[in-house]
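Peer 1: got a structure for you, letters missing:
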């Protein structure tokens, strides 16, 4: 029996059309984009065409899109450069952010160049908007708000438009990690005023090791990686051409098929929740399923002797899911998100995350096999 992949929040399989577009570039376009000869110009044109795809998707200027090695670099760049170059002395964020944001904030705070405040999180894991407003009005310091669009572990969605308006009214910068939502939800940066935004190709069926950062033209920052004049003097290093082409192809396809894919994923998630409620009534859903990303489902199971081996047993039965954040390592260290929401709980959490490739039949198989593991 083939394996069942229910870990699409960690990564997604590379789309065959994306792979084809990349291998064509690998085989035919070996020029350095910084070279002025024909091969170099051809490579440069591929990058600029990809940049145009991303900019058109987000309804922003091509000069506001910079390719990076992924979401981690994009988030680091936005946070650290806002302190270094824009005079930010206070950052408001959430204890439920991805580790690449939280660890960047630790580094910034340790440097003494800016303070970090955490917005209150309600019992379901959503940002307390009233508390965010209160924190913004409590100080005249130059402030950056950094909040993710969708939590990667419990799926809760941020009211992005509302937060953007609140930040604009308060004169604060707004950085939004959209790694989990890029390609799944429409984002219009002409309508929603954001200072920085990040994306990563492998979350929307593109290659790993390539992402991008949107930097609003109003924010004049210096390079994060020093080197040559690549990425409009913003990021030194020869560009990952086939990765960039793959990112653009994957994003283009994700947008074109967005509604069709969403309908399939929502059906699988809803069916999973229904079968789970019928079969394991003591299981509960972490987060707020009423305001959640349709691909993420975090399930809490009652404490049991077998619970600590749940992820391992799922894997042995050909089912891929996760407990904590997959970016932590191959070891399940537990979820800082669940730890914050339920610090004393001994229940066992599994994150199931779905794609348009998944089926109801796969859900049936997982529900059946869970029986002997709980």
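Peer 2: Now that the structure is in, tell me what you want to look at. Please read all numbers here as calculations on a predicted model, not as lab measurements.
Peer 1: helix/strand/coil for residue 66?
Peer 2: Put simply, residue 66 is strand when judged by DSSP: H, G, I helix; E, B strand; the rest coil.
Peer 1: quick one: pLDDT of it?
Peer 2: According to the predicted model, the pLDDT of residue 66 comes to 98.
Peer 1: which residues touch it?
Peer 2: 212, 213, 214, 215, 231, 232, 234, 235 (CB atoms under 8 Å, 6 or more residues apart in numbering). Placement of C-beta: from N, CA and C, glycine included.
Peer 1: Now the buried members of the residues you listed.
Peer 2: Among the contacts of residue 66, those buried by neighbour count (16 or more other CB atoms under 10 Å) are 212, 213, 214, 215, 231, 234, 235.
Peer 1: what mean pLDDT does the host helix or strand of residue 312 have?
Peer 2: Taking DSSP states H and E as the definition, residue 312 sits inside helix 310-316. Average pLDDT, helix 310-316: 94.
Peer 1: Next: stretch 253-260.
Peer 2: Mean pLDDT, taken over the full extent of stretch 253-260, equals 98.
Peer 1: How about stretch 290-307?
Peer 2: The pLDDT scores in stretch 290-307 average 92.
Peer 1: The contacts of residue 66 in strands, which ones?
Peer 2: Helix and strand membership here follows DSSP state E; of the contacts of residue 66, those in strands are 212, 213, 214, 215.
Peer 1: partners of the second one in the sheet?
Peer 2: Looking back up the chat, that one is residue 213. Beta bridges link residue 213 to residue 66, residue 198 when assigned by DSSP bridges.
Peer 1: how close does it get to residue 348?
Peer 2: Counting by CB to CB, to the nearest Å, the separation of residue 213 from residue 348 is 36 Å.
Peer 1: And the last one, by the same measure?
Peer 2: Distance, residue 215 to residue 348, by CB to CB: 41 Å.
Peer 1: what does the helix holding residue 312 contact?
Peer 2: 301, 306, 320-323, 332, 348, 350, 366, 369-370, 373-374.
Peer 1: For the protein, which segments count as strands?
Peer 2: If you assign secondary structure with DSSP E, the strands in the chain sit at 4-5, 65-68, 90-93, 115-118, 143-146, 173-177, 196-200, 211-215, 284-285, 296-301, 319-320, 348-353.
Peer 1: which one of those strands lies closest to residue 254?
Peer 2: Using CB to CB as the measure, strand 196-200 is the one of the strands of the chain that comes nearest residue 254, at 10.7 Å.
Peer 1: Can you check what angle separates that closest one from strand 173-177?
Peer 2: Strand 196-200 and strand 173-177 are oriented at 10 degrees to each other (axes from the mean of the first three to the mean of the last three CA atoms, to 10 degrees).
Peer 1: Now tell me what touches strand 196-200 from outside.
Peer 2: 54, 58, 68, 70-71, 74-75, 77-78, 82, 173-179, 182, 187, 189, 210-216, 219, 251.
Peer 1: Weed out the non-buried ones from the residues you listed.
Peer 2: When burial is judged by neighbour count using 16+ other CB under 10 Å, the buried members of the contacts of strand 196-200 are 54, 58, 68, 70-71, 74-75, 77-78, 82, 173-179, 182, 187, 189, 210-216, 251.
Peer 1: So for the closest residue to residue 12 other than its chain neighbours, what's the pLDDT?
Peer 2: Distances taken as CB to CB, 6 or more residues apart in numbering place residue 205 nearest to residue 12, at 4.7 Å, with adjacent residues excluded. Looking at residue 205, its pLDDT reads 98.
Peer 1: What separation do you get for the closest residue to residue 5 other than its chain neighbours and residue 364?
Peer 2: In space, not counting the residues next to it along the chain, residue 5 is nearest to residue 320; the distance is 4.8 Å by CB to CB, 6+ apart. With distances taken as CB to CB, residue 320 is found 17 Å from residue 364.
Peer 1: Neighbour count for the two, which is higher?
Peer 2: Relative neighbour count places residue 320 above the other of residue 320 and residue 364, with 16 against 13, counting by other CB atoms under 10 Å.
Peer 1: Identify the residues contacting that one.
Peer 2: When contacts are counted by CB under 8 Å, 6+ apart, residue 320 touches 3, 4, 5, 6, 7, 314.
Peer 1: What subset of the residues you listed is buried?
Peer 2: Among those, those scoring as buried are 4, 5, 6, 7, 314 (criterion: 16+ other CB under 10 Å).
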